[in-house]
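Colleague: Here you go, sequence then predicted model.
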Amino acid sequence: MAIVVVSGTGTEIGKTVVTAAVAAASLAQGLSVAVLKPAQTGVLDGEPGDAAEVARLAGEVTAVELARYPDPLAPATAARRAGLPAIGPADIAEAAAKLSAVHDVVLVEGAGGLLVRYDEEGATLADAARLVGARVLLVAPAGLGTLNSAALTAEALAARDLNCLGLIIGSWPEAPDLAALCNLADLPDVADAPLLGAIPAGVGSLEPSRFRAAAPEWLAPQLGGTWDAAAFATRWAAGG
């Protein structure tokens with residue numbers, strides 16, 4: 001997979017757990033993995049951030065954080081409020097390229113959605129992805145409203161000539177409603193990209209050993225797993 005940017009259609013939709021699952025599945029294949037968090041916001045010094053959480057769940061990954069800002073805001077805004085230097089796309093691309101030189105897989109976890117601003121010039125994670133030639137793995141929620149945000153993000157990717165590796169549902173509910181069930185078919189259609197997994201809700205609280213053992217079951221073969229979109233949809237159509 002080389003360098004993959006993990007972005008979302010919004011915030012708080014499971015990007016960190018998805019990143020951890022992909023990392024765990026890659027490690028299970030014997031690949032070396034690095035996780036890069038360009039800008040960690042909303043976390044104080046000394047507290048574990050998203051990269052550390054991925055390492056806790058997935059195992060022996062190289063976890064790198066480029067900048068940290070205390071306010072839970074977009075990186076550009078958080079950097080300005082903290083009086084700290086912002087992280088631009090060139091910084092992100094350089095760090096990802098260096099990690100890629102010594103790792104099989106580099107996962108770059110964004111903050112919020114694809115076009116969240118990282119610096120005062122308005123640069124985004126999409127700009128960094130273009131610089132380094134990364135593919136984008138899009139994380140989306142399961143339920144009502146997800147189709148519009150997925151379609152908009154897909155249009156933004158296409159407008160920038162960025163390749164969407166596929167979509168993952170970041171938190172599949174225990175009791176999915178009608179919208180979630182229909183979105184299994186509609187999400188890949190509106191995003192023009194394959195559905196590559198569905199992460200069960202709440203698995204971030206599993207013991208790391210259980211998380212690592214189960215991760216391949218949530219991901220398609222393209223991501224080192226055994227999950228099958230058609231079989232998953234058929235099972236839930238029959239009641240789960």
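Modeller: It's in. All values reported here derive from a predicted model rather than from experimental measurement. Numbers count the residues shown, from 1 in each chain.
Colleague: per-residue confidence averaged over stretch 28-45?
Modeller: The predicted model assigns stretch 28-45 a mean pLDDT of 96.
Colleague: end-to-end on stretch 110-123?
Modeller: Stretch 110-123 has its terminal residues 13 Å apart, counting by C-alpha to C-alpha, to the nearest Å.
Colleague: in that stretch, what's buried?
Modeller: Within stretch 110-123, the residues scored as buried using 16 or more other C-beta atoms under 10 Å are 110-119, 123. Every C-beta, even on glycine, is put in place using the N, C-alpha and C of the backbone.
Colleague: now do stretch 197-216
Modeller: In stretch 197-216, counting by 16+ other C-beta under 10 Å, buried: 197-201, 203-204, 206, 211-212, 214-216.
Colleague: For the residues you listed, could you give me TSV that also reports distance to residue 67, pLDDT and secondary structure?
Modeller: What follows is these, written out as TSV (distance: C-beta to C-beta, whole Å; pLDDT from 0 to 100; DSSP: H, G, I helix; E, B strand; the rest coil):
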residue	distance to residue 67	pLDDT	secondary structure
197	29	98	strand
198	32	98	strand
199	27	98	strand
200	32	98	strand
201	30	97	coil
203	28	97	helix
204	24	96	helix
206	29	97	coil
211	27	98	helix
212	28	98	helix
214	32	98	helix
215	28	98	helix
216	32	97	helix
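Colleague: picking up where we left off before, so which of the buried residues of stretch 110-123 sits lowest on pLDDT?
Modeller: residue 112 (88).
Colleague: Centre of the chain to whichever strand or helix holds that residue, how far?
Modeller: Under the criterion of DSSP states H and E, residue 112 resides in strand 105-113. Here strand 105-113 shows a centroid-to-chain-centroid distance of 5 Å under the convention C-alpha atoms, centre = their mean, to the nearest Å.
Colleague: so what strands line up beside it?
Modeller: strand 2-8 (parallel), strand 33-41 (parallel) (DSSP bridges).
Colleague: buried set for the longest one?
Modeller: Spelled out, that is strand 33-41. 33-41.
Colleague: try stretch 77-91
Modeller: Per 16+ other C-beta under 10 Å, stretch 77-91 contains these buried residues: 77-80, 82, 86-89, 91.
Colleague: what's the answer for stretch 125-142, then?
Modeller: For stretch 125-142, by 16+ other C-beta under 10 Å, it's 125-129, 131-132, 134-142.
Colleague: Residue 172: which of those is nearest?
Modeller: residue 142 (5.6 Å; C-beta to C-beta).
Colleague: and the gap between the closest one and residue 194?
Modeller: According to C-beta to C-beta, to the nearest Å, residue 142 and residue 194 sit 16 Å apart.
Colleague: Likewise for residue 97?
Modeller: 27 Å.
Colleague: next one: residue 158
Modeller: 15 Å.
Colleague: Can you list which of the buried residues of stretch 125-142 are found in helices?
Modeller: 125-129, 131-132 (DSSP state H).
Colleague: got the residue ranges for the helices in this protein?
Modeller: 15-28, 50-58, 75-82, 89-100, 125-132, 146-159, 178-191, 208-214, 229-237.
Colleague: could you redo these as JSON lines and give each row distance to residue 165?
Modeller: As requested, these are exported to JSON lines (distance: least, C-beta to C-beta, whole Å):
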{"stretch": "helix 15-28", "distance to residue 165": "10"}
{"stretch": "helix 50-58", "distance to residue 165": "18"}
{"stretch": "helix 75-82", "distance to residue 165": "23"}
{"stretch": "helix 89-100", "distance to residue 165": "15"}
{"stretch": "helix 125-132", "distance to residue 165": "11"}
{"stretch": "helix 146-159", "distance to residue 165": "10"}
{"stretch": "helix 178-191", "distance to residue 165": "11"}
{"stretch": "helix 208-214", "distance to residue 165": "22"}
{"stretch": "helix 229-237", "distance to residue 165": "14"}
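Colleague: Thanks again, I'm all set now.
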